[in-house]
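Trainee: Predicted structure and sequence below. I'll ask about it afterward.
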Amino acid sequence: MRNSDLFLKVLWLVLCQAAASRGETNMTSMLATQASRVMEVGEWEERWQENRIGFHQPHVHKMLETHIEKVLAGRTGVRFFFPLCGKAVDMKWLADMGHSVVGVEISEMAIKQFFEENNMTYSEEDVPAIPGAKVYKGSERNISLYQCNLFDFSSSVGGQFGAIWDRGSLVAISPRDREKYVALIISLMAKDCRYLLDTLLYNPELYPGPPFLVPDEQVQSLFGNSCNIEFLQTVDAFTERHRGWGLDALTEHVHLITPKSS
């Protein structure tokens, strides 16, 4: 290799490293803006009590509809997990397709509203492994919703899952809890699990959250050691509601995350 070629190669490596360093610094700076924001579970219960649930969608989420075949990958009777499920109509949509659904939600009101608004009868049981927790089981559909703190749930309680739909969960928890959250999610993933993750990008200096900013780089740093990450789609999700938050732009990103084969 000629000296000039070697010089150019070294220069290129230096520039790449500098760009990566700037990217890491920028991400760290963006995340620091919301790092101290803490969402207590009681705040979410209050939002349901006061009907401040603008995050709830009365229709099946477009991202789930768009990518459902990618999630199913030809499988039938898939066991889905919904972290922080609220009363998402997506759960009934999947159950109507023959899949089973397990959700976790802190608000008893949200769970009862799900069954009532979908004209479904249900039973109510205590969960011995989680003091104070209850599980509500649909009579007509294979849907079980646990009313408890998400971090009290585990694979020993609910088993593992072939699919996870995370819309509004990772972006809702306190930023300081993300590593703990990811450890829980990974522990719930069966070997063939296909995890659809929906995240939001916006200028955190304009809005404190929730929902919180989760950059693609952080998705990579959180899941990359244990999972394969496929970026599927980006959508301009900005609405007048977001303008009311003080934002001038908001983008929705969707990733498909699968366990690395050991």
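Mentor: Yes, it's here. On a predicted model such as this, the values are computed, not experimentally measured, just so you know.
Trainee: And the contacts of the host helix or strand of residue 220?
Mentor: For residue 220, the host element (DSSP states H and E) is helix 216-223. Applying Cβ atoms under 8 Å, 6 or more residues apart in numbering, the external contacts of helix 216-223 come out as 23-24, 27, 31, 178-179, 182, 186, 197, 199, 201, 229, 231, 253, 255, 257. (Glycine included, C-beta is placed from N, CA and C.)
Trainee: Could you list the buried residues of that helix?
Mentor: 217, 218, 219, 222, 223 (16 or more other Cβ atoms under 10 Å).
Trainee: Now, of the contacts of helix 216-223, which are buried?
Mentor: Applying 16+ other Cβ under 10 Å to the contacts of helix 216-223, the neighbour count classes 27, 31, 178, 182, 186, 197, 199, 201, 229, 253, 255, 257 as buried.
Trainee: if we can go back for a sec, out of the contacts of helix 216-223, which one sits closest to residue 122?
Mentor: residue 197 (28.3 Å; Cβ to Cβ).
Trainee: Return the distance of the closest one relative to residue 141.
Mentor: Separation of residue 197 from residue 141 (Cβ to Cβ, to the nearest Å): 25 Å.
Trainee: quick one: pLDDT of residue 102?
Mentor: Looking at residue 102, its pLDDT is 98.
Trainee: counting contacts, what elements does the strand or helix carrying it pack onto?
Mentor: Per DSSP H and E, residue 102 falls inside strand 100-105. Contact partners of strand 100-105 among helices and strands, from 3 or more Cβ pairs under 8 Å, 6 or more residues apart in numbering; DSSP states H and E: strand 79-82, helix 90-96, strand 143-147.
Trainee: so what secondary structure elements neighbour the following helix or strand past that strand?
Mentor: The first helix or strand that comes after strand 100-105 along the chain, using DSSP H and E, is helix 108-117. Packing partners of helix 108-117 (3+ Cβ pairs under 8 Å, 6+ apart): helix 41-49, strand 134-138, strand 143-147.
Trainee: how about the CA coordinates for the second one, as PDB?
Mentor: Coordinates of the C-alpha atoms in strand 134-138 are reproduced here as PDB (Å, rounded to 0.1, in the frame of the first residue of the first chain):
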ATOM      1  CA  LYS A 134     -55.300  -9.300  40.000                       C
ATOM      2  CA  VAL A 135     -55.800 -10.900  36.600                       C
ATOM      3  CA  TYR A 136     -58.900 -10.400  34.500                       C
ATOM      4  CA  LYS A 137     -59.600 -13.100  32.000                       C
ATOM      5  CA  GLY A 138     -61.900 -12.800  29.100                       C
END
